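In: here are the coordinates; sequence isn't available:
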């Protein structure tokens, strides 16, 4: 068949911009290193982990014979959506790829995803904890002869990644660099290592009266990042008459748990697009005894929430999209918060002061006041018009 049309892939529903790409040299190098194994792979033997926008899954499906049954795990909900949209586009525009939509399926990280896998393709996560959980899960459930082909841009890789993989695999090969990318090939999984920590991990923070649980890919892990910690100082001031609240981009669920603990009459929705965050937040609610008052859901921003339905939203927005510093993700979250807030509802936001989000919050949500500021962060409350 003709060369795979990488140039057709898009990032949507993620932010799209001239400096943001749906495929990079790391994807291409992973696929090149795995080409021989893909050519002989049987149905159900290929698994793809952390495919950003579908390049690995769809190009692999184009190389594997009919009935490929590629199993896929992506932490980001927007990545899953992008993969499905790209598959549909290719099926409708490239005759040779008409069956690609049915060539893969999404599964959670675990036994169903990896049992019997003989080839695993991985876009390396930047977090060592995330890599540790992924590699450990592959080693635990995949076939004994599995080969893990993991790659990324060199600027996002560290030597410590090699050591993480060596915890779970008996053999590791580091390939030569190409186009500022590199691949790590791991084989001979080490199973039954009692020293390997289980997930999620859990830490008690006595100063805040909170227990935080975290899977490997959850932002800040079991720590409480300093922006969230600053926002916690204002929990009692957040729309005191509210009976419902949303923790948007909840991460491990620190804000949601604190709201539920300190305001017993409040029903809280915690939402995040990260599968690891949702699993972490669910465990955090159980650990703090508030699972009956906090519902945790996986969603792209607030897509599943109706217009004008929320009284209070709290948000510590990210300022990175993948490895790129970009305001687009914060603006997307502000816009969704504005849509979901009722007139008079409040959005409480903490942000790095140098980002200067106040004009955007005023324009998108409504009148915005600064309620707190320290050496690094600003806390604002925006009232929906």
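Out: Everything's here; your move. Since the model is a prediction, treat every value here as computed from it, not as a measurement.
In: Break down the stretch 201-350 of the chain into its strands, ranges please.
Out: 201-205, 210-214, 244-248, 267-272, 294-298, 310-315, 320-321, 324-325, 341-352 (DSSP state E, counting those that start in this stretch).
In: Among those strands, which comes closest to residue 181?
Out: strand 324-325 (16.3 Å; Cβ to Cβ). For every residue, glycine as well, the C-beta is placed using N, CA and C.
In: ok so, going back, quickly, which of the strands of the stretch 201-350 of the chain bottoms out on average pLDDT?
Out: Ranked by mean pLDDT, the strands of the stretch 201-350 of the chain bottom out at strand 324-325, which scores a mean of 44.
In: Run through the chain and note the low-pLDDT ranges.
Out: 1-2, 65-67, 192-197, 319-327 (pLDDT under 70).
In: Would you map out the domains in the chain?
Out: 6-189, 201-383 (automatic domain parsing).
In: With mean neighbour count added, can I get those domains in JSON lines?
Out: Shown next, in JSON lines, are the domains of the chain (neighbours: other Cβ atoms under 10 Å):
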{"stretch": "domain 6-189", "mean neighbour count": "19"}
{"stretch": "domain 201-383", "mean neighbour count": "19"}
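In: Look at residue 105 and give its secondary structure.
Out: strand (DSSP: H, G, I helix; E, B strand; the rest coil).
In: Would you confirm that it contacts residue 74?
Out: No: using Cβ atoms under 8 Å, residue 105 is not in contact with residue 74; the gap is 11.9 Å.
In: quick one: which of the strands of the stretch 201-350 of the chain is nearest residue 258?
Out: strand 210-214 (6.4 Å).
In: Can you list the neighbours in contact with the closest one?
Out: 129, 200-205, 220-224, 252-254, 257-258, 261, 276, 280, 283-284, 286-288 (Cβ atoms under 8 Å, 6 or more residues apart in numbering).
In: And stretch 336-346, by the same measure?
Out: Contacts of stretch 336-346 (Cβ under 8 Å, 6+ apart): 238-239, 242, 246, 248, 301-303, 305-313, 315, 347, 364-366, 381-385.
In: can you check stretch 358-377 too?
Out: 226-227, 230, 233-234, 237, 327, 330-331, 334-335, 337-338, 341, 347, 349-353, 378-385.
In: before we move on, what about stretch 149-167?
Out: So stretch 149-167 is contacted by 24-27, 29-30, 33-34, 37, 119-124, 126, 128, 131-132, 135-136, 148, 172, 174, 177, 180-186, 190, 193, 196, 323 (Cβ under 8 Å, 6+ apart).
In: So which of these sit within helices?
Out: 25-27, 29-30, 33-34, 37, 128, 131-132, 135-136 (DSSP state H).
In: From those residues, pick the one nearest residue 3.
Out: Closest to residue 3, out of all of these and judged by Cβ to Cβ, is residue 27, at 14.0 Å.
In: is it true that the closest one touches residue 121?
Out: No: the pair residue 27 / residue 121 is not scored as a contact, 9.2 Å apart, by Cβ under 8 Å.
In: Now the common contact residues for those two.
Out: By Cβ under 8 Å, 6+ apart, the residues touching both residue 27 and residue 121 are residue 56.
In: if I look at the nearest residue to residue 182 once chain neighbours are set aside, how far off is residue 30?
Out: Spatial nearest neighbour of residue 182, chain neighbours left out: residue 154 (5.3 Å); criterion: Cβ to Cβ, 6 or more residues apart in numbering. According to Cβ to Cβ, to the nearest Å, residue 154 and residue 30 sit 13 Å apart.
In: and what of residue 63?
Out: From residue 63 to residue 30 the distance is 12 Å (Cβ to Cβ).
In: overlap in contacts of the two?
Out: Joint contacts of residue 63 and residue 30 (Cβ under 8 Å, 6+ apart) do not exist.
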